[in-house]
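1. Based on what follows, work out the 3D shape:
(3 chains)
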Amino acid sequence: MLTATALSCVRGERRLFAGLDLAVGPGEWLHVQGENGAGKTSLLRILAGLSPAAEGEVFWQGEPIKVLAEGYRRQLLFLGHHGAVKEELTPLENLTLAAQLDGTALEEMAALKALARFGLRGREDLNVRFLSAGQKRRVLLARLAVRKATLWILDEPFTALDVKAVEMLSGLIVEHVTNGGIAILTSHQAIPLPNGKVLKVGT
Amino acid sequence: MSNNKIINWFKYASPQSFYPVAGRMIPWFWGLAAIFFVVGLYISFFVAPTDFQQGEGYRIIFIHVPAAWMSMFIYLVMAFWAGLGLALNTRLSSMMAQALAPTGAIMAFLSLWTGAWWGKPMWGAWWVWDARLTSALILFFLYIGFIALQAAIDDARRADKAGAILALVGVVNVPIIYFSVKWWNTLHQGASVSLTKAPSMATTMLWGMLIMALAFWMYSIAVALTRVRAIILEREAHTEWVKELPEVKQ
Amino acid sequence: MNAVMAIIRRDLLLAMRRKSEVLTALFFFIIVVSLFPLGIGPETALLRKIAPGILWVAALLATMLGLARLFAPDHADGTLEQMVLAPAPLGLLVTGKIIAHWITTGLPLVLLAPVLGIQFDLDTGALGILVVALLLGTPLLSLIGAIGAALTLGLRGGGVLLSLLVLPLYVPALIFGAGAVEAHISGLGAGGHLSLLAALLALAVFFAPWATTAALRIALE
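-> Residues are numbered from 1 along each chain as shown, chains lettered A, B, ... in the order given. So this is what the prediction gives:
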């Protein structure tokens, strides 16, 4: 259960939002909507614990995330605008190293399977530099399939994906949520997912 | 909330309430600075005896030594305010640190400049790689680094925090740098003349120097307060209370 | 600890794939050192006297070259965010990055320095002291430099600003490092210098990752 009370966010001298409350429980997903510059990304970064809120607090299972620290980060998977994918490494290396950074061991077979699931079979050993923008994005999404985390915070996960990849990602999110996971995401498109909560940021 | 008391105290030290207080304090510090300058300069030029070794040229120390003291002292104070701002997230203390930096840099520069003027007649060279001169030079670089870092960051809060870390790192390093430079200097003897061999000072000289130091001190406070007021206005320009100020409304 | 090893492995792997960056810094070191005799003259006695200082200043400058890119690529591609959000403490991961930075920039300088020292007619004993001093000093440069790299992350003119912030802080390392070799040559013994250098290193190992971590968090907010 992720809850937040009276969040406000100030960028420069502008107040992006104030008094924002939210609660997302297991098996639920939240679609954060708003115009460009409304503070969607800022909100996700606050929820992930990357930036502090000007006011208000974020709680995980009733405890402030500041207090939980590592305990919260273990449960969390955050995908930002930038993919955290290294151009000089292959998709397989990227995936393995990301898992090691998360403190989990990833079997090569599992990694290969995840990459294949996102249509990257045969490109496992090619430097990411040589992949297209959409394929890079797919490398990133393969992390969703291998990392065991309860809370997914995804910033614009559908960007640069083709129809097939959008379908695969939606399937992954549905699977995650039906297994008791939580997902919070931003997207400008309508999301082909059932039963989402909607949160409008700004104005 | 259990920390109500702290919050109230912070309110007391908020830019809004500090702005008028600082405004009232500034003339007093200017006044004190003027009095100390007049008395100090009178002692240094007319009362203090001519040095039997160094002649009249030594009188530059009445500017040089207080400037050098202030340059070191201001760095400590600056780091203190910056650290406080970082630890307690108080905006005013970070603004104080920012306001002090240029004054500290000027003091360091002044001590270098007057050091050169003093050095020319005493040592026959504008610059010698004396331990103190070298440390003062590095201190000057540290000030410039602090000012440059804050100037390069657009977001005021990030500038405050990044500056605070740099100032704290600097404070840890200043004694190490001073010690290492001194060590370096003693190892290369013959390259410079030590200042510590200077003949014992007459009491009036000491008094002159102390009063001049007080004058520099008062001046620094006055200038820093003036600057902090400007910073407050700049940063709080969007707030209602600034828009309501008579000097802004005009 | 596994995460730290993973970071080190990853950065070394990346350095292998971007060899040119590592080699550029190394050749910069060689060229700068080789320029001094051309500017000063080939007088052996003079060269022997200034060799430690030249090698050390060149090492400082060569370290500066790669410093701006210590965190910048990770910042640009979002890896830094993932490091902040990783379960392992950021301070440990940052230490891992600093170690990798030293292996790719500091260690080659240490290994190369004796060869360049021979050009300056340093004797075997002095070369040995030079290597030990660089071995203690170059990690110090990486540690202090990391603070500057984190503070200037993503800023306009970050590279120049970085040198302005970091070079004054390098003064003690320069003095004790070059001083150790000089003290040995003049027969005073390098022990004092080397122990002070080691003490500074210990201090930096304790403080620098902490300051770097704080600076990175500020840069990411």
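
2. Skipping adjacent residues, who's closest to residue 164 in space?
-> No chain in the question, so chain A it is. Distance criterion C-beta to C-beta, 6 or more residues apart in numbering or on different chains; nearest residue to A:Lys164, sequence neighbours excluded, is A:Gly119 at 7.3 Å. The way it works is simple: take the backbone N, C-alpha and C, and place the C-beta from them, glycine included.

3. oops, chain C please
-> B:Gly145 (5.0 Å).

4. Could you list the buried residues of the strand or helix carrying that neighbour?
-> For B:Gly145, the enclosing helix or strand under DSSP states H and E is helix B:131-152. By 16 or more other C-beta atoms under 10 Å in any protein chain shown, the buried positions in helix B:131-152 come out as B:131-150, B:152.

5. you'd agree the residue nearest to C:Leu164 is up against C:Leu165?
-> Yes: using C-beta atoms under 8 Å, B:Gly145 makes contact with C:Leu165 at a distance of 4.4 Å.

6. what do those two both touch?
-> B:Leu166 (C-beta atoms under 8 Å, 6 or more residues apart in numbering or on different chains).

7. Whichever helix or strand B:Ala162 is part of packs against which elements?
-> If you go by DSSP H and E, B:Ala162 is part of helix B:156-187. On a contact count with 3 or more C-beta pairs under 8 Å, 6 or more residues apart in numbering or on different chains; DSSP states H and E, helix B:156-187 meets helix B:61-88, helix B:91-123, helix B:131-152, helix C:124-151, helix C:171-185, helix C:191-220.

8. switch the cut-off to 6 Å
-> Helix B:156-187 is packed against helix B:61-88, helix B:131-152, helix C:124-151, helix C:171-185, helix C:191-220, with contacts defined by 3 or more C-beta pairs under 6 Å, 6 or more residues apart in numbering or on different chains; DSSP states H and E.

9. could you dump those helices to TSV with mean pLDDT and distance to A:Trp29?
-> Putting the helices and strands packed on helix B:156-187 into TSV (pLDDT from 0 to 100; distance: least, C-beta to C-beta, whole Å) gives the following:
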stretch	mean pLDDT	distance to A:Trp29
helix B:61-88	91	38
helix B:131-152	91	41
helix C:124-151	94	35
helix C:171-185	89	53
helix C:191-220	92	26
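
10. per-residue confidence at residue 101?
-> With no chain named, the answer covers chain A. A:Leu101 is assigned a predicted lDDT (pLDDT) of 86.

11. um, chain C though
-> For C:His101, pLDDT reads 94.

12. my read: it touches C:Leu143, true?
-> No: C:His101 lies out of contact with C:Leu143 (C-beta atoms under 6 Å); the separation is 9.3 Å.

13. ok, how many other residues are close to B:Trp126?
-> 11 (other C-beta atoms under 10 Å in any protein chain shown).

14. A:Gly49 now?
-> 22.

15. A:Lys200 too?
-> 14.

16. quick one: it and A:Glu35 touch, right?
-> No: the criterion here is C-beta under 6 Å, and A:Lys200 misses it with A:Glu35 at 9.7 Å.

17. Please report how far the residue nearest to A:Lys164 lies from A:Glu87.
-> Separation of A:Gly119 from A:Glu87 (C-beta to C-beta, to the nearest Å): 19 Å.

18. Now do the strands in chain A.
-> A:2-11, A:14-24, A:29-33, A:55-60, A:63-64, A:76-79, A:151-155, A:182-186, A:197-200 (DSSP state E).

19. tell me the mean pLDDT for the longest one?
-> Spelled out, that is strand A:14-24. 86.

20. next one: it to chain centre, how far?
-> 19 Å (C-alpha atoms, centre = their mean, to the nearest Å).

21. Could you do stretch B:39-53 as well?
-> Using C-alpha atoms, centre = their mean, the offset of stretch B:39-53 from its chain centre is 25 Å.

22. Give me the buried stretch members for it, please.
-> B:39-41, B:43-44, B:48, B:51.

23. got the contact list for it?
-> Identification of contacts with stretch B:39-53 by C-beta atoms under 6 Å, 6 or more residues apart in numbering or on different chains yields B:56, B:58-59, B:62, B:202, B:204-205, B:208, B:211-212, B:215.

24. Just the buried residues of these.
-> Judged by 16+ other C-beta under 10 Å, buried ones among the contacts of stretch B:39-53: B:58-59, B:62, B:205, B:208, B:211-212, B:215.

25. Rank those residues by pLDDT and give me only the lowest.
-> If you rank these by pLDDT, B:Tyr58 sits at the bottom with 76.

26. would you say that residue is within a strand?
-> No: assessed with DSSP: H, G, I helix; E, B strand; the rest coil, B:Tyr58 is helix; it does not lie in a strand.

27. Now do the contacts for whatever residue of chain A ends up closest to chain B.
-> As assessed by C-beta to the nearest C-beta, chain B sits closest to A:Glu13 within chain A, at 4.8 Å. Residues in contact with A:Glu13, defined by C-beta under 6 Å, 6+ apart, are B:His238.
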